[in-house]
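Novice: Sequence first, then the predicted structure, then my questions.
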Amino acid sequence: MLQMAKVGSRDIVFDLGSGDGRIVIAAVKDFGAARGVGIELDPIRILEANALARNAGVQDRVEFRQQDLFETDLREASVVTIYLGDAADLKLRPKLLAELQSGARVVSHAFDMGDWAADETRTVSGRLIFLWKMLR
């Protein structure tokens, strides 16, 4: 997902439903993103993500927030990654369109966004990955 979004040193990557934080950590550690933000409801997963970030040595460039992803301000994100499901993706779509700046990228693992045609689609390990680029 991060490779497909072409994450680089100027990106701020938000992972919605970040779980153990692996995407956010990889964005910073492996792709050199400026910052990573994980949004997760489960406080245990937040603790786990913070521990993994410390172990990876990237705790100064990542943040994990216990928040509802539908209430999270996404305006600073240049890349948003999601693995949520069809219904959640469709519910999230208006928020992405309203808050993300031109040039931002959205990458979804396995689930599309209805009639919002992806700019790119790939199959990775038997699963579809969708990429949308925000243009204004």
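Specialist: The structure has been received and is ready for your questions. Residues are numbered from 1 along each chain as shown.

Novice: And the pLDDT at residue 77?
Specialist: Looking at residue 77, its pLDDT stands at 98.

Novice: so what's it up against?
Specialist: 12, 13, 14, 37, 100, 104 (Cβ atoms under 8 Å, 6 or more residues apart in numbering). Placement of C-beta: from N, CA and C, glycine included.

Novice: among these, who's most crowded?
Specialist: Ranked by the number of neighbours (other Cβ atoms under 10 Å), the contacts of residue 77 place residue 14 first, at 30 neighbours.

Novice: What's the first helix or strand after the strand or helix carrying that one?
Specialist: Residue 14 belongs to strand 12-16 when assigned by DSSP states H and E. Next along the chain after strand 12-16, taking DSSP H and E as the criterion, comes helix 22-29.

Novice: chain center to that following helix: distance?
Specialist: Its chain's average C-alpha position is 10 Å from that of helix 22-29, according to Cα atoms, centre = their mean, to the nearest Å.

Novice: Which strands or helices does whichever helix or strand comes after it pack on?
Specialist: Downstream of helix 22-29, the next assigned helix or strand under DSSP H and E is strand 35-40. Using 3 or more Cβ pairs under 8 Å, 6 or more residues apart in numbering; DSSP states H and E, the elements in contact with strand 35-40 are strand 12-16, helix 22-29, helix 43-56, strand 62-66.

Novice: Can you say which of the ones you listed is nearest to residue 133?
Specialist: strand 12-16 (15.0 Å; Cβ to Cβ).

Novice: Which other helices and strands does the closest one contact?
Specialist: Packed against strand 12-16, as judged by 3+ Cβ pairs under 8 Å, 6+ apart, are the following elements: helix 22-29, strand 35-40, strand 79-82.

Novice: Of these, flag the one that's most buried.
Specialist: Ranked by mean neighbour count under mean count of other Cβ atoms under 10 Å, the helices and strands packed on strand 12-16 are led by strand 79-82, which reaches a mean of 27.

Novice: want to throw the helices and strands packed on strand 35-40 into a markdown table with distance to residue 87?
Specialist: Below are the helices and strands packed on strand 35-40 laid out as a markdown table (distance: least, Cβ to Cβ, whole Å):
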| stretch | distance to residue 87 |
| --- | --- |
| strand 12-16 | 14 |
| helix 22-29 | 21 |
| helix 43-56 | 21 |
| strand 62-66 | 22 |
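
Novice: Nice, that's everything, thank you.
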